[in-house]
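Asks: Give me the fold of what follows.
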Amino acid sequence: MRHHILRRLQFMRHLQLHDALKHPTRAAHQHQHQHQPRVAIGIRREDPLRIWERRCPLTPDAIETLIAEEDVDVYFQPCERRVFTAEQFIKAGAKPHKTLAPAHIVLGIKETPLHELLTDPVQDPLSNGLVPRTQVMFSHTIKGQPYNMPLLSRFLHDPSVHGRDAAHSALLPTLVDWELLTDMDGKRTVGFGWYAGVAGALEGLNSTAHLHLQLGVASPFLSTPRPHSAPLPQLRQSLRRIGEQIAENGTPASIGPYIVCVTGNGQVANGALSLLSELPVQMVSVADLPALVADPSTPLNKIYVLHAGQETYLKRKDGGAVSRKDYYAHPSAYESRFYDLIAPYTTVLINGVGWVPGYPRLMTTNETILALEKVQQLSKELAESTQDSAAGTRDVMKGRCQSFADISCDIEGGLEFMHRESTLSEPFYSHKPAQFPAHLPALQIMSVDILPTSLPLDASQEFSAGVLPYVRALVRKYKHHQHAERFEGSDFEIAEAVERATVASGGRLVGKNTWLQESVEKCKAAGLAASAGTTTAVGTPKPGQKKILMLGSGMVSGPVVDEICNRKDVHLTIASDQPERNGFLCNGRTNATGVVVDMAKPDVVEELVKKSDVVISLLPVPFHPAVAELCIKHHRHLVTASYISPDMRKLHDRAVKANVLLLNEIGLDPGIDHCSALALLDSIRKDKKEVVSFTSFCGGLPAPEDADVPLKYKFSWSPRGVLSAALNGAQFQLNGKEFSVPSDQLLRSKIPNLPVSDILQLEGIPNRDSLNYADTYDLHPSKGVRTLFRGTIRYPGFCDLMYAFRQIGLLDTENWITLRSWATLAPQALAVKLQKPVVDVDEAGAEAFRAAAAEFVPAETLPQMLEALAWLTNPTDSSTTKLPPVPSTPEHPIDLLASLLSARLSYAPSERDLVVLHHEVISSDSERHEEIHTSSLEVYGDATHSAMARCVGLPVAFAALYVLDFINVAPRGVHGPDAPHLYTHILSKLDGAGLQMKHSVKPYVEGKTVEARLKTIWQ
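Replies: Numbering: from 1, shown residues only. Sure, this is the predicted structure:
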């Protein structure tokens, strides 16, 4: 019976896992609809810029324990680099969530990127009110580090932003720092120091082996494994085998005894010594060192380890007695003799001693010079003393005092010559300080600052076990509103430790951290912390300058910045969540400022809007209405390149009332196409002619020489928009009849041999609802208009292949799949469509997939589709584009295809894109004589900007400056560029920028028009 119950429970857990993988959003929120909100814990992803950071604060086992014993919800932010997979978290009962918005307690390792920091309150699990979040991390703020004061300032009440709103301050998040968790005696209880020691010892042995190789000696330690290459037990086993080799064969005689010095008495030193114990170690003292290197009979089948405590090298300057208590009371009375007593004899130093100003350095740069001089002197003396002996003239001092594994990683700290950190990608480097005389060698330095993350599994497991009691205390605080004094026994000690580790709460610094307020204020004054986000590049606005705010810094932003910043009377603020991109765009411009913002923080965006005269939104379309609301509230004008959405259109009356212009559709399509179409139609009507047919096609393409890829298409931004457009239906009027193309037939409604270019062979697709433009262009059937058609341009083959992709389920926006490999994307998508498995991609499986796909894909397209899928999912070694990482969390097939296309069909630096725009208007005069008017634009990208960036970005910039300069004559409310004074101004500016529409007029010839080509398909 018990066995049956266990199997039933396992089956239910399997169903929960399957459901969570297939419907993560539903899984994440399902529980909220059944019960009152529970305390929620969020596991944050680490900063994506820290490519080696794979640690996690809680293991899946710890998560399962918390869920079972504390009755909490646990969410995790998907991250494919994390040491634990999404499947492991889901099996433990956790739920994927992109933002962790429901979390009361957010746990991370390193500091949170500013644009991802959640500072808003969350629902109280005991009431319908709000409570502040708790953020727990190694914040690197507690020493007043200037670079992280912007982070700390986000936890503090700022009167310039929050006013005197005490209630708001009370709901600001609490910051708890792992580094401050201590026992009653002040000793740290959690951390990664031991693992830093282990990893640092391995990297140090590796670095030293490379140094010896440069000196002409192959050391057994050349085969030392890198710490990230295997779990700790295997690393130990590998080092043990090296030790066995040394015990049997010894270290090379040409470098003499191998002496390792480990400094420090904390967890770092303990970790290093533990790792070294796998070798045939003999512990030695400082007094043993001279004889070890001088005696030719010193055994070489051992590794000699000196654990050098401070008492071994610190001396009072006056020669008095040394004591630990006296040292910390009077550090200036002491000096380090490390350079003389220890350094000249070491093969490698593993430094685990930190340093703070006011205390003696382990070794200054000048002392290092003295140590190396002593090495050379000893080398000379030993060579002379052994000249006539059987040992010959071996240089047992070779490489001594040249290899340093500085685990403390204090820049210009205890080891003054250590001037920079190294990385796990390049863990060591050679450095010869400027003060070194020419005859002294360079130093080999290993100074990785995140060593524990190279042992992510072992380090995370131990850390998780250590922090679990503290996480429980935080949970209970939310569940019962209990503070430390209400706990008992060990629970009281844990809760009190959490309070001691709290840096900020209720909008203010607490405990021993109040002194940090001065550091925060200094950084604010220096412009490092800004009330409206974090400034990444600063050009201070000058008095009298007009101010434009640009939200977003994506692909089209470069030409916008170029054009606006040419105006020295205008200051541009670039606000996005990409600090590096902001800095790049602002580089060298005195009238541009970059600010990091998160659109999930409307108060930050509002502050920026309030300080601007005109706002440009280059954000995704769903964000535009929220930005428009802020513009209406603060009477600021808005410019976007996007279509007018229903939500935006609803704001028209409010914008008029607020005397605000919300100008949309001023990019390429929509944008230049509108301006040029309106100008063309206006000129025809001024000649007293009637318009009887209007067709317009536009598209962005690769230049022909760069289009030899599947779809004959490339992407300079996310392909999701292009794929989604393939799911739209279309409506248009042709030769007096209205046509409606359902969404499932759009790609089957291609227009081959589209006659819009004298050079390029192109095809077209109907573009959405052309009938909407009857009002915009005044092209109604009642006025004699027989044709109104707008379309999108592609190269031949695009529609057929995209239709095939749709038919096998690759454009599915509803179902979820957890991808096994990119090669299985198509079979998995088709399996979802068929609701039955499709075999994988071995030789037999390929035939089965072909057979299954043949039920849905036209026979003439099937070979092309299979070839395209093979090309996309199996790049050759010579390919310039590679596959993206396989996502670990469930995604819609359309999003997976977008990720794949974004990686494989991206533009290489040397490649060009192309924009083609073509209007055809057929007019009729009073005698019914018809003419064909064309207006066309072909633009190629150049080394500075893509064609698409110029054709979208420049109209946006010209429109923003127009609104800034001529706002008194601009309309109010929600508009496109339909006012004559606006579109003529934009076209004039485009002409000056080299984006000039080319016009032609010729007599009407039956069958020689775009309209005639359309008739061959629909009539």
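Asks: what's the neighbour count on the residue lying closest to residue 113 once chain neighbours are set aside?
Replies: In this structure, residue 113 finds its nearest non-sequential neighbour in residue 47, 5.0 Å apart by Cβ to Cβ, 6 or more residues apart in numbering. For the C-beta atoms, the positions are set from N, CA and C on the backbone; glycine is no exception. Residue 47 has 15 neighbouring residues, counting by other Cβ atoms under 10 Å.
Asks: Mind pulling up the pLDDT for residue 47?
Replies: pLDDT recorded at residue 47 is 81.
Asks: same check, this time on residue 880
Replies: Value listed for residue 880 in the pLDDT field: 59.
Asks: what do you get for residue 304?
Replies: On the pLDDT scale, residue 304 gets 98.
Asks: and if you look at residue 356?
Replies: For residue 356, the predicted pLDDT is 79.
Asks: Please apply the same query to residue 129.
Replies: 84.
Asks: What count of nearby residues applies to it?
Replies: 9.
Asks: Looking only at residue counts, what's the top helix in this structure?
Replies: Using DSSP state H, we find that the single longest helix of the chain is helix 456-480.
Asks: hang on, the earlier thing: please list all residues in contact with the residue nearest to residue 113.
Replies: By Cβ atoms under 8 Å, 6 or more residues apart in numbering, the contact list for residue 47 reads 53, 110, 111, 112, 113.
Asks: go again using 10 Å as the cut-off
Replies: Counting by Cβ atoms under 10 Å, 6 or more residues apart in numbering, residue 47 makes contact with 53, 108, 109, 110, 111, 112, 113, 116.
Asks: repeat for residue 659
Replies: Each residue near residue 659 by Cβ under 10 Å, 6+ apart is listed here: 632, 635, 637, 967, 972, 973.
Asks: any chance of those residues in JSON lines, plus pLDDT, secondary structure and neighbour count?
Replies: Putting those into JSON lines (pLDDT from 0 to 100; DSSP: H, G, I helix; E, B strand; the rest coil; neighbours: other Cβ atoms under 10 Å) gives the following:
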{"residue": "632", "pLDDT": "94", "secondary structure": "helix", "neighbour count": "19"}
{"residue": "635", "pLDDT": "93", "secondary structure": "coil", "neighbour count": "11"}
{"residue": "637", "pLDDT": "95", "secondary structure": "strand", "neighbour count": "23"}
{"residue": "967", "pLDDT": "72", "secondary structure": "coil", "neighbour count": "14"}
{"residue": "972", "pLDDT": "90", "secondary structure": "coil", "neighbour count": "16"}
{"residue": "973", "pLDDT": "91", "secondary structure": "strand", "neighbour count": "18"}
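Asks: out of these, what pair is the most spread apart?
Replies: 632 and 967 (15.2 Å; Cβ to Cβ).
Asks: Show me the beta-bridge partners of residue 918.
Replies: Per DSSP bridges, the residues bridged to residue 918 are residue 697, residue 936.
Asks: how near is it to residue 592?
Replies: Per Cβ to Cβ, to the nearest Å, residue 918 is found 36 Å from residue 592.
Asks: Settle it for me: which of the two has more neighbours?
Replies: Higher neighbour count among residue 918 and residue 592: residue 918, with 26 against 23, using other Cβ under 10 Å.
Asks: roughly how far apart are the more buried one and residue 702?
Replies: In terms of Cβ to Cβ, residue 918 sits 18 Å off from residue 702.
Asks: before we move on, what about residue 860?
Replies: The value you get for residue 860 to residue 702, if Cβ to Cβ is used, is 24 Å.
Asks: between these two, who's got more neighbours?
Replies: More neighbours surround residue 702 than the other of residue 860 and residue 702, with 23 against 8 (other Cβ under 10 Å).
Asks: I'd say that one and residue 708 touch.
Replies: Yes: at 8.9 Å, residue 702 and residue 708 qualify as touching, with contact defined as Cβ atoms under 10 Å.
Asks: Select the helix or strand of this structure having the lowest average pLDDT value.
Replies: helix 2-22 (a mean of 39; mean pLDDT, DSSP states H and E).
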